[in-house]
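J.: Turn this into a structure:
(2 chains, ligands or ions: 1)
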Amino acid sequence: MTHISTLKLHQLRYGELDAHARAPLDAHLAACAACAARLSHQDDTRAAFVRAPVPAAILPRPTWWERLGALRAALVLLPVLAAGLFVLRGVPTMGAPTVEAPTERLKGGRPLLEAWVQTADSARPLYTGERLRSGTRVQLKYDAGPHRFVTIAGRDARGTVEVYGTLHATGPGLTTAPFALTLDDTKGEQAFFAILTDTRPAPDAVQRALKQSPIRMEDSEIASVVLLKE
Amino acid sequence: MTRPGADPLDITALYCRYGDLVLGRCRTLLRNEADAQDAVQEVFLKLHRYRDSFRGESSPSTFLFKIATTTCLNRIRTRKRRPEDPVEELPPAVEATDSVLDRLAVRDLVERLLAKQDERTQDCVVYHYVDGMTHDEVGDILGISGAAVRKRISTFRASLRDAPPPWLAEIEP
Ligand SMILES: [Zn+2]
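T.: Have a look, this model is predicted:
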């Protein structure tokens, strides 16, 4: 028996084949346990894939026009940046809880939150799960879309939540947070969150929401990025 | 406001739709999860370079499957000796496969291929034996004739004649 090719199985799943092309494949799948198992393996891969965030490395790079805008914003924010340097505190972890990324914007839509690493002369986006050393300076960028407020917060491997502040959103488009974060030497997962709301949220409501699993908050969109401190 | 240089090829959208296809492909051929994840990113970053040929493609899934395969084979060709996860230590989702051959067979096949065959034959054999494509399907994806594919596959089969691996009997009894 000639099996169905791996690519055909993908195309079948994606609904890319017409009825004429599908009929013999359906017949084969009904009779061939091996191919049925291969198809269900693809389904399993898909199910796990859609739960993981899009790696920042493949998100579009800013054009020179956007860079120019970012540079102007950086010049204005320079005093704020210098003043607003936060140091994340934490305690060495044992049995760290897994940070569950909220599912509101996985696979599709606009990027709501990105973490960028700054070096002396450049910056690049980080992907979720990337390992970073202590002392690394991380810059967060968010897209508030139509929302009026963005609250930036973090959660370390022990589940300790820090709310860094609530900012007035400046509309759609990637906006650089007016402060950088320097990673301390605590090891483990460090999650950052952007909570997008239309009214200013109470800090303790944010605290409560981020301590839940899964993370949930009324009338909000929540984006996250998770880094590994080592 | 217009953005100079903005491009309508939405790579994030392609990733969301076809990323699992690319990931599956990379896992089958590379067998090391970190390598596979790395290769997936490489594939989507390459789309910037291939954007013109990509737009001419009728099927993004075929095009991505091909780029992913090429990317993986190039990685295998250029790596000297890199640690790979032993098959038995991979998590179950990674150990299973959507290819016609199981993981051990793929590993054996790739080792035999890289040792003796030219790159075009390597491509033909992977698409035919690992993915179960017919000679004509392989020909379509590589832009050569089905007959040319058949010839290269027979060359490879001939090289196995003295000591045929067990997986060959399973798929071509
Ligand atoms: Zn079959």
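J.: any idea of the pLDDT on residue 143?
T.: Reading this off chain A. pLDDT for residue A:143: 81.
J.: meant chain B, my bad for not saying
T.: 93.
J.: what does the one 4 residues further on give?
T.: pLDDT, residue B:147: 97.
J.: hang on, it in a strand?
T.: No: under DSSP: H, G, I helix; E, B strand; the rest coil, residue B:147 sits outside any strand and is assigned helix.
J.: quick one: least confident helix or strand in chain A?
T.: When each helix and strand of chain A is scored by mean pLDDT, DSSP states H and E, strand A:86-87 comes last, with a mean of 32.
J.: just checking, what packs against the host helix or strand of residue B:111?
T.: According to DSSP states H and E, residue B:111 maps onto helix B:103-116. Packing partners of helix B:103-116 (3 or more Cβ pairs under 8 Å, 6 or more residues apart in numbering or on different chains; DSSP states H and E): helix B:11-30, helix B:60-78, helix B:119-125, helix B:146-159, helix B:166-171. (C-beta placed from N, C-alpha, C; glycine too.)
J.: surely residue A:130 meets residue A:228?
T.: Yes: using Cβ atoms under 8 Å, residue A:130 is in contact with residue A:228, at 6.9 Å.
J.: care to break chain A down by domain?
T.: Domain assignment for chain A by automatic domain parsing gives A:1-52, A:101-229.
J.: residues touching the residue nearest the centre of chain B, list them.
T.: Nearest residue to the geometric centre of chain B (Cα atoms, centre = their mean): residue B:69, 2.6 Å. Residues near residue B:69 by Cβ atoms under 8 Å, 6 or more residues apart in numbering or on different chains: B:25, B:29, B:123, B:126, B:127.
J.: One more: residue A:210?
T.: Residue A:210 neighbours (Cβ under 8 Å, 6+ apart): A:153, A:155, A:161, A:193.
J.: Deepest in the core, which of the helices and strands packed on helix B:103-116 is it.
T.: helix B:11-30 (a mean of 23; mean count of other Cβ atoms under 10 Å in any protein chain shown).
J.: Now name the helix or strand holding the most centrally placed residue in chain A.
T.: With distances taken as Cα atoms, centre = their mean, residue A:225 lies nearest the centre of chain A, 4.0 Å away. Here residue A:225 is covered by strand A:221-229, with elements defined by DSSP H and E.
J.: Pull out the buried residues from that strand.
T.: A:221, A:222, A:223, A:224, A:225, A:226, A:227, A:229 (16 or more other Cβ atoms under 10 Å in any protein chain shown).
J.: Report the two of those residues separated the most.
T.: Greatest spatial distance among these (Cβ to Cβ): A:221 and A:229, at 26.1 Å.
J.: By mean pLDDT, which helix or strand of chain B comes out lowest?
T.: helix B:92-95 (a mean of 49).
J.: thinking again about what came up before, may I see the buried residues of strand A:221-229 organised as JSON lines, with pLDDT and distance to residue A:178 added?
T.: Output for these, formatted as JSON lines (pLDDT from 0 to 100; distance: Cβ to Cβ, whole Å):
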{"residue": "A:221", "pLDDT": "84", "distance to residue A:178": "20"}
{"residue": "A:222", "pLDDT": "85", "distance to residue A:178": "20"}
{"residue": "A:223", "pLDDT": "84", "distance to residue A:178": "18"}
{"residue": "A:224", "pLDDT": "83", "distance to residue A:178": "20"}
{"residue": "A:225", "pLDDT": "82", "distance to residue A:178": "18"}
{"residue": "A:226", "pLDDT": "83", "distance to residue A:178": "22"}
{"residue": "A:227", "pLDDT": "83", "distance to residue A:178": "20"}
{"residue": "A:229", "pLDDT": "84", "distance to residue A:178": "23"}
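J.: buried stuff in stretch A:9-22?
T.: The neighbour-count check on stretch A:9-22 (16+ other Cβ under 10 Å) flags A:9, A:10, A:11, A:12, A:13, A:14, A:22 as buried.
J.: Then stretch A:28-48?
T.: A:28, A:29, A:32, A:35, A:38, A:39, A:41, A:42, A:44, A:45, A:46.
J.: which residues are there in chain B that come within reach of chain A?
T.: Proximity of chain B to chain A, by Cβ under 8 Å from any Cβ of the partner chain, involves residues B:3-6, B:11-13, B:15-21, B:23-25, B:28, B:41, B:44-45, B:59, B:61-62, B:65, B:93, B:96-100, B:130-134, B:137, B:141, B:171.
J.: do that again at 6 Å, thanks
T.: Where chain B comes near chain A, counting by Cβ under 6 Å from any Cβ of the partner chain, the residues are B:3-5, B:11-12, B:15-16, B:19-21, B:24, B:41, B:44, B:61, B:65, B:96, B:98-100, B:131-133.
J.: what's the neighbour count on residue B:112?
T.: 16 (other Cβ atoms under 10 Å in any protein chain shown).
J.: The one 4 residues further on too?
T.: The number of residues packed near residue B:116 is 13, by other Cβ under 10 Å.
J.: Now do the contacts for it.
T.: Counting by Cβ atoms under 6 Å, 6 or more residues apart in numbering or on different chains, residue B:116 touches residue B:159.
J.: So for it, what's the pLDDT?
T.: Looking at residue B:116, its pLDDT is 80.
J.: Tell me the spacing between it and the ion.
T.: For residue B:116, the distance to the ion (Cβ to the ion, to the nearest Å) stands at 29 Å.
J.: can you check residue B:108 too?
T.: For residue B:108 relative to the ion (Cβ to the ion), the value is 21 Å.
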